[in-house]
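Participant: Following is a predicted model, sequence given first.
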Protein chains: 2
Amino acid sequence: MKIIDYREAEPHVVESGEMKGVVGRIVIGKADGANNFCMRVFEIPKGAVSHHHAHAWEHQVFVYSGRGEVLREGKWVPVQPGTVVYIPGDEEHQLRNAGDDPFVFVCLVPSSAPEM
Amino acid sequence: MKIIDYREAEPHVVESGEMKGVVGRIVIGKADGANNFCMRVFEIPKGAVSHHHAHAWEHQVFVYSGRGEVLREGKWVPVQPGTVVYIPGDEEHQLRNAGDDPFVFVCLVPSSAPEM
């Protein structure tokens, strides 16, 4: 059994562009023997966004802290701690920070997806 | 895309025993078209525990709020908001509230497991 604070996992930091400062961490993945799905935690700093894209695999998201917005069918929808987002495969999506504090969320993908 | 507060999902409440008052919610599952894995959110009230058991499928847990403890190889390990727990298949485990407020965590299972 693995028990860690998510901040102990290795950070992957985006160095430039509109995603500058976004931090992603693989907190449970294939390296742990988790072969069905993968848990990542992302921190989006003030003013930053995630990729605007679509892909074949789904996302399951749980918002941990901060204020954010999710792009759904061209409209930005506010999300906050306790919000759950299910993004089916092939649906366009983007997340952005809408507050002053880091926007932190858990995002899970199936084993068919890249872990980061 | 589904966007909800986890508290909007139907609560499943344990009515008796040491798990009395534990609330489980399926927030993303097969009913949403999520066929690879399932997200549930559990609230364990003060003084309550989850099942002490083992089963073939794994758990991926993210602690959202409150204070808890996780039984790992016979020892109770403290967990708090931001803690990640990976429980491999067939490993005995149990979670309990170790504070005064509800202990709330996200718990994901693969599609081979019962959703609740």
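Facilitator: Alright, I've got the coordinates. Residues are numbered from 1 along each chain as shown, chains lettered A, B, ... in the order given.
Participant: Kindly tell me how buried the nearest residue to A:G68 once chain neighbours are set aside is, as a neighbour count.
Facilitator: Spatial nearest neighbour of A:G68, chain neighbours left out: A:F103 (4.1 Å); criterion: Cβ to Cβ, 6 or more residues apart in numbering or on different chains. Just so you know, the C-beta spots here come from the backbone N, C-alpha and C atoms, and that holds for glycine as well. A:F103 is flanked by 28 other residues according to other Cβ atoms under 10 Å in any protein chain shown.
Participant: Just to check, A:F103 is in contact with A:T83?
Facilitator: No: using Cβ atoms under 8 Å, A:F103 is not in contact with A:T83, being 11.0 Å away.
Participant: and for those two, which residues touch both?
Facilitator: Taking Cβ atoms under 8 Å, 6 or more residues apart in numbering or on different chains as the criterion, A:F103 and A:T83 both touch A:V63.
Participant: tell me what the helix or strand that A:R25 is a member of is packed against?
Facilitator: Assigned by DSSP states H and E, A:R25 belongs to strand A:23-28. Helices and strands touching strand A:23-28, as assessed by 3 or more Cβ pairs under 8 Å, 6 or more residues apart in numbering or on different chains; DSSP states H and E, comprise strand A:12-13, strand A:37-44, strand B:83-87.
Participant: Generate TSV for the ones you listed, with distance to A:K20 and mean neighbour count as supplementary columns.
Facilitator: Formatted as TSV, the helices and strands packed on strand A:23-28 follow (distance: least, Cβ to Cβ, whole Å; neighbours: other Cβ atoms under 10 Å in any protein chain shown):
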stretch	distance to A:K20	mean neighbour count
strand A:12-13	9	12
strand A:37-44	10	24
strand B:83-87	26	23
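Participant: Much appreciated, bye for now.
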